[in-house]
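> next input, structure requested:
(chains A and B)
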Amino acid sequence: MLSRTAADLYWLSRYFERAENTARMLDVAWNLSLIPFAVDAREEITAPLVITGSLASYQAAHDDIRVDEVMHFFTLDDGNPGSIFHCLRTARESAHAVRGKITAEMWESVNSTWLELREIRELGLEGYGASEFFDWVKNRSHLFRGATYGTSIRNDAFRFLRLGTFIERADSTARILDVKHQIDSAAGDGAVDFYRWHALLRSVGAYEAYREIYSEPINAERVSELLILRPEVPRSLRSCMQMLCELLPAIEGHAGQQSKRLAAVQFARLQYGDLDHIVDTGLHEYLTDFLRRINELADTIREEYLEVV
Amino acid sequence: MGPLSLPDVSGYDEMILPGGKVRDAYKGYHRWLLGQVHDGLLRKRKEAELQFHRVGITFNVYGEESGIERLIPFDALPRVIPAADWRRLEQGAIQRVRALNLFLHDIYHDQAIVRTGLVPAEQIFGNAQYQPCMQDLDLPNRVYSHISGVDVIRDGEGTWYVLEDNLRTPSGVSYMIENRRMMMRLFPELFAHQSVAPVEHYPSLLLETLQESGNGPNPTVVLLTPGRFNSAYFEHAFLAQQMGIELVEGADLFVKDGFVFMRTTAGPQRVDVIYRRIDDDYLDPLAFRPDSMLGVPGLLSVYRDGNVILANAMGTGVGDDKSIYPYVPDLIRFYLDEEPILANVPTWQCRDPKALDHVLAHLPELVIKEVHGAGGYGMLVGPAASRAEIEAFRERLKARPANYIAQPTLSLSTCPIFVEEGIAPRHIDLRPFVLSGKETRLVPGGLTRVAMSAGSLVVNSSQGGGTKDTWVLEDGSC
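Alright, predicted model coming up:
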């Protein structure tokens, strides 16, 4: 497969995944900002800025951190390269460049997403409804994933699409989990903590999984275990790494030795990891290290497959 | 609104005879049409538009924000060509393209045509499209123009004429295929009752033609596009996908050790045949335009060594130039020893003093074109021009007569289209696509372009022209 084609496929699914994760994160922040807390609700609405590392660029353009402005910044703001609008436009451009390599149904799901998004943008987030918008983004992502999974032949095109998904998802899950460290003022009261963990689980679609797997009340250690180590949770770091480890060796040819090694090493660390080690290391330190490793892997994939000279 | 009625026509209409009767080839369609209502067809048209948008069958318009794509208007009334007419057109187009390929081989080798004096040397060697680098290069099957578009029209009397040949990178074939798919989706019953010759196998014929043009067995074929902002990008992607070949941009290819390679996820892979949709001047920045980012540095030297095939070859533009067009009937006689099957539009070459006198005396009746012009620029349409425009053009013509040709103003035939008010006649042309490999052939059909506004003769999609499905009806089907 052409390296440029592989790159477009990879970024197509990566940006779509990023749009979905952003919608998930905002959905939770939006809901939390509606709940009257004892503590300052600003923290909840600052969280997405911190998670995505875009606090500085937001503050450069805005005087104050306000719910409606943060929401606009992340959803329909053309000027923010991390906005859902920007992600879906980039995804659509990538799809356009490789439309000969994806099925008609995949292309239509991407293209009609873009056409609808332009209409939504005319209405504005308030006109369309914030919760409705987040549901719409998630549904469009489900549709694209379903079209991909249900119609794509299992070749390298499919593998590069999936690579983009899992690199982005691993990065996103780690960042969302790390947010507790980033925004948590000294331990809040029990109710606030419950809402926050609950929200975090919902943002990665893992609330039901927690209930299914654990019988104990929601707490930090179990949430960490669930989202880092559990193989049956599709957004856990371990699941993402397992997928990456299966995908990379399946790509045709002998390129990508270093990518395969990095992925295998990181998968082994999760597969044979345990919670005590994470707690001893410190969750924030552990996740910081993971983010460094996943980004190193992403860079290596780019060098070995996507920009081959 | 209720049932549909046919409009009155003047001049030659493809469907309707003067007095309101319907031509034989359209009888089957007309029976069906009588059973339709206006609102029903309106709904079908909306469905077609929605479908074209969803699938993304669009073209980019230069200068507009990226991501804004336009639909080419699609008309749901087919243009029908009876089998007998088609056979003549087919033979005529094949004959013409064979002669033009022989002409290109000749001018890049022995130049017999110049030595016999049939075509003046300066018409060839003074032409900007002439490529000296092609001299004495031997091409497989001696084919220069693998894919040719022969634009034909009917005049007011119904006679077929070739308006121009397209031997560089003719486009539009994807609409031929998509229009057929759309018609079969919208009106499947029409195809059950009439035998319309299929066109959907064009991509496999094209792939065969490209593979045949290579030197060895199982050549690796790619389609080279200028990229996603090119106006015909949809077609490039469509054809690459239909043929199952890679769609590459210049940056995906590189030259090493005398061969062309593409960059793949599994390392460099050799490329044998390039179906290029990039103009000559942009193919190799080392040989032509150094500022071009579209091409592949070093490509020309690999090509000269015979280690890669370009389709079409470089330097084919000299064969479809307006200055060569008047000679094509003579080329057919010279190279094939046959009489031309399809007529040229009578053309006066203003470089000839006698012709110039005639043209100057008849400016208000004629169409004057620049020899190297395209897209309707630098043109005078006599009957539509004001007295002042004609006089201004007269001065330009007298200053540089060799730069112009003149033709009579032809009244293109019409074909009914579906408009808001019902059915109305509009002017049309036809571009069949001729493939030249080991043999020369074409699929039965082509792209029919339509001038969407009443009376207009402009069918170009860049000027708002539309398209419709083109049916070649098998014998005994009407």
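
> measure stretch B:182-194 end to end?
With CA to CA, to the nearest Å applied, stretch B:182-194 spans 17 Å between its terminal residues.

> so where does A:Ser239 fall, helix or strand?
Assignment of secondary structure by DSSP states H and E places A:Ser239 within helix A:237-250.

> no, scratch that, I was asking about B:Gln407
Per DSSP H and E, B:Gln407 falls inside strand B:404-408.

> now that strand: mean pLDDT?
Strand B:404-408 comes out with an average pLDDT of 92.

> now what about that strand, what contacts it?
Strand B:404-408 is contacted by residues B:322-323, B:325-326, B:345-350, B:355, B:359, B:365-371, B:397 when judged by CB atoms under 8 Å, 6 or more residues apart in numbering or on different chains. Just so you know, the C-beta spots here come from the backbone N, C-alpha and C atoms, and that holds for glycine as well.

> could you identify the buried members of these?
Buried residues within the contacts of strand B:404-408, defined by neighbour count using 16 or more other CB atoms under 10 Å in any protein chain shown: B:322-323, B:325-326, B:345, B:347-350, B:355, B:359, B:366-371, B:397.

> and the stretch 151-300 of chain A, which residues reach chain B?
Counting by CB under 8 Å from any CB of the partner chain, the residues of the stretch 151-300 of chain A lying close to chain B are A:Asp156, A:Phe160, A:Ile251, A:Glu252, A:Gly253, A:His254, A:Ala255, A:Gly256.

> next up, the contacts around the nearest residue to the fourth one once chain neighbours are set aside.
By the measure of CB to CB, 6 or more residues apart in numbering or on different chains, the closest residue to A:Glu252 outside its immediate chain neighbours is B:Ala266, 5.3 Å from it. B:Ala266 makes contact with A:Met1, A:Ile251, A:Glu252, A:Gly253, A:His254, A:Ala255, according to CB under 8 Å, 6+ apart.

> and the gap between the second one and A:Ser3?
A:Ile251 sits 12 Å away from A:Ser3 when distances are taken as CB to CB, to the nearest Å.

> shared neighbours, these two?
In terms of CB under 8 Å, 6+ apart, A:Ile251 and A:Ser3 are both contacted by the residues A:Tyr305, B:Thr265.

> secondary structure element for the residue nearest to B:Met243 when sequence neighbours are not counted?
Spatial nearest neighbour of B:Met243, excluding adjacent residues (CB to CB, 6+ apart): B:Leu207 at 4.3 Å. If you go by DSSP H and E, B:Leu207 is part of helix B:202-212.

> give the partner strands of the very next helix or strand once past that helix in its sheet and their orientations.
Reading on from helix B:202-212 to the C-terminus, the next helix or strand found by DSSP H and E is strand B:221-224. Each strand pairing with strand B:221-224, determined using DSSP bridges, is listed with its direction: strand B:246-248 (parallel), strand B:273-276 (parallel).

> is it true that B:Tyr202 touches B:Tyr175?
No: counting by CB atoms under 8 Å, B:Tyr202 sits too far from B:Tyr175 to count as a contact (11.5 Å).

> so these two - more neighbours on which side?
When B:Tyr202 is set against B:Tyr175 and neighbours are counted by other CB atoms under 10 Å in any protein chain shown, the residue ahead is B:Tyr175, at 26 against 22.

> enumerate every residue touching that one.
Applying CB under 8 Å, 6+ apart, the residues contacting B:Tyr175 are B:Ile57, B:Ile72, B:Glu235, B:Leu447, B:Thr467.

> recalculate using a threshold of 6 Å.
B:Tyr175 makes contacts with B:Leu447, B:Thr467, as judged by CB atoms under 6 Å, 6 or more residues apart in numbering or on different chains.

> and it, which of the three is it?
At B:Tyr175, secondary structure determined by DSSP: H, G, I helix; E, B strand; the rest coil is helix.

> tilt between the very next helix or strand once past the helix holding A:Ser239 and helix A:237-250?
Moving toward the C-terminus from helix A:237-250, the next helix or strand (DSSP H and E) is helix A:257-271. Angular relation of helix A:257-271 and helix A:237-250 on a 0 to 180 degree scale: 150 degrees, by axes from the mean of the first three to the mean of the last three CA atoms, to 10 degrees.

> alpha carbons of helix A:257-271, as CSV, please.
Listed in CSV are the C-alpha atoms of helix A:257-271, where the atom choice follows Å, rounded to 0.1, in the frame of the first residue of the first chain:
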residue,chain,number,x,y,z
GLN,A,257,10.5,-3.7,13.2
GLN,A,258,10.9,-0.9,15.8
SER,A,259,7.1,-0.2,15.9
LYS,A,260,6.4,-3.9,16.5
ARG,A,261,9.0,-4.1,19.3
LEU,A,262,7.7,-0.9,21.0
ALA,A,263,4.1,-2.2,20.9
ALA,A,264,5.0,-5.6,22.1
VAL,A,265,7.1,-4.3,25.0
GLN,A,266,4.3,-2.0,26.1
PHE,A,267,1.7,-4.7,25.7
ALA,A,268,3.7,-7.0,27.9
ARG,A,269,4.0,-4.3,30.6
LEU,A,270,0.2,-4.1,30.7
GLN,A,271,-0.5,-7.8,30.2
